[in-house]
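Colleague: what shape does this take:
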Amino acid sequence: MNERYSRQILFDKIGEQGQERIEKSNVTIVGMGALGTHVAEQLARSGVSRLNIIDRDYVESSNLQRQTLFVEKDIKEMLPKVVAAERHLKKIREDIQIKTYIAQCDAKLLQEVASYSDIIIDATDNFNTRLVINDFAFKMNIPWIYGACLESNYVQATFIPGETPCFDCVLPQLPVINRTCDTVGVINPAVTMATSLQVVDALKILSGYKFTPKITYGDVWDGEHQTFGFEQMRRNDCETCGEHPTYSKLAASDQQITELCGRHTVQYINEKLNRPAIEKFVAQNGLLHRSNAYMIQYLYDDHRVVAFSNGRLLIHDIESVEEGRQFVENMFG
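Modeller: Next up is the predicted model:
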């Protein structure tokens, strides 16, 4: 018996065969914030062979309250979240394979990263990204696991192509979460509930355990918890899992400028604004800046700008996409 995973193997619903399957598995996690860090750590400790982790952001002090795998040193070093997560996961398990992607998650990236994954786990705070994951997963016949939390609330559901309806079909029955933790907050126990449910279903799928997915949601503060099935909710005309799927969200996933949910931040992508171009711009304008191997952070017109090496900018203290677009025009003409 493998001593490291002996307690997991003794659990009769996994056993030795289930553990062997887990140790050969490949998982893609989209988002490395509160949900993603919890999930990544639990799966690493469970024995998953490979993790592909995607996130477009970097570690900030407000993350430390609920996002495991990050420490104060990561903030001082201006580390992207996936880089910091990889470092800490490797301290847990030296043998785990980790591929990191400091990027916006779109259809093209999912095709590159997740085509051969056993499951995809949603750990984002972005509704449109979830729709892209949903389309991609059903097109490629890959199970995916949804999770979300806000304030003291949590929700989780697993979608298996060919077995369950998709996210679009059950959306009207999901709790409406149109705010963000950046505007109304979130407590760590709500995160833990959502991710524990995600990891349980991940282990079921990876170990080969047959089950019927359900939607689970609740409120840890009020002590409420509800679960219900959704296998009858499929719509025949659904663009993702209906009789004639079109997967329309995949074609619409590539956007040059987007607003980060609840952050007063916009993301702007232009491959011409690579590292040499930004270094030249900063030098010509004598801008106060800091840099490392991953990004250059500078102040322009009282706005903090974080420029990644691949032509992606995060512009802080911006209220709308329109304001962000004007700001970019003011910077670069």
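Colleague: from here on, contacts and neighbour counts on C-alpha atoms
Modeller: Noted.
Colleague: could you list the low-confidence segments of the protein?
Modeller: Filtered on pLDDT under 70, the chain yields the residue ranges 1, 176-183, 252-254, 261-262.
Colleague: state the distance from the closest residue to Ala34 other than its chain neighbours to Asp74.
Modeller: Using CA to CA, 6 or more residues apart in numbering and skipping the chain neighbours, the partner closest in space to Ala34 is Gln67 (4.2 Å). Using CA to CA, to the nearest Å, Gln67 is found at 12 Å from Asp74.
Colleague: the helices in the stretch 201-333 of the chain, which residues?
Modeller: Under the criterion DSSP state H, counting those that start in this stretch, the stretch 201-333 of the chain contains helices at 248-251, 275-285, 321-332.
Colleague: out of these, which one sits most buried?
Modeller: Mean neighbour count (mean count of other CA atoms under 10 Å) peaks for helix 248-251 among those, with a mean of 17.
Colleague: distance between that one and the chain's centre?
Modeller: Relative to its parent chain, helix 248-251 has a centroid offset of 19 Å by CA atoms, centre = their mean, to the nearest Å.
Colleague: in the sheet, who's paired with the closest residue to Gln297 other than its chain neighbours?
Modeller: Nearest residue to Gln297 in three dimensions, chain neighbours excluded: Val306, at 4.4 Å (CA to CA, 6+ apart). The partner list for Val306 in beta bridges (DSSP bridges) reads Gln297, Leu314.
Colleague: surely Val306 meets Tyr294?
Modeller: No: Val306 is not in contact with Tyr294 according to CA atoms under 8 Å; the separation is 10.0 Å.
Colleague: who's more crowded, the two?
Modeller: Comparing Val306 with Tyr294 by neighbour count (other CA atoms under 10 Å), the higher total belongs to Val306, at 22 against 16.
Colleague: show me the contacts for that one.
Modeller: By CA atoms under 8 Å, 6 or more residues apart in numbering, the contact list for Val306 reads 295-298, 313-315.
Colleague: strands along the stretch 101-250 of the chain, start to end?
Modeller: Remark: strands assigned in the stretch 101-250 of the chain by DSSP state E, counting those that start in this stretch are 119-122, 144-150, 153-159, 214-219, 224-229.
Colleague: relative to Tyr101, which of the ones you listed is closest?
Modeller: strand 119-122 (14.6 Å; CA to CA).
Colleague: from the contact counts, what lies against that closest one?
Modeller: Helices and strands touching strand 119-122, by 3 or more CA pairs under 8 Å, 6 or more residues apart in numbering; DSSP states H and E, are strand 26-30, helix 127-140, strand 144-150, helix 188-207.
Colleague: would you list the ones you listed in JSON lines and tack on distance to His289 and mean neighbour count?
Modeller: Listed next are those as JSON lines, based on distance: least, CA to CA, whole Å; neighbours: other CA atoms under 10 Å:
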{"stretch": "strand 26-30", "distance to His289": "29", "mean neighbour count": "24"}
{"stretch": "helix 127-140", "distance to His289": "31", "mean neighbour count": "21"}
{"stretch": "strand 144-150", "distance to His289": "34", "mean neighbour count": "26"}
{"stretch": "helix 188-207", "distance to His289": "33", "mean neighbour count": "21"}
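Colleague: contacting residues for the closest residue to Ile145 other than its chain neighbours?
Modeller: Nearest non-adjacent residue to Ile145, counting by CA to CA, 6+ apart: Thr158, 4.3 Å away. Shown in contact with Thr158 (CA under 8 Å, 6+ apart): 143-146, 198, 201, 213-215.
Colleague: and what of Val59?
Modeller: Contacts for Val59 (CA under 8 Å, 6+ apart) come out as 70, 74-75, 78-81, 84.
Colleague: go again using 6 Å as the cut-off
Modeller: By CA atoms under 6 Å, 6 or more residues apart in numbering, the contact list for Val59 reads 75, 81.
Colleague: for Thr124, same thing?
Modeller: By CA under 6 Å, 6+ apart, Thr124 lies in contact with Gly31.
Colleague: thanks a lot, see you next time.
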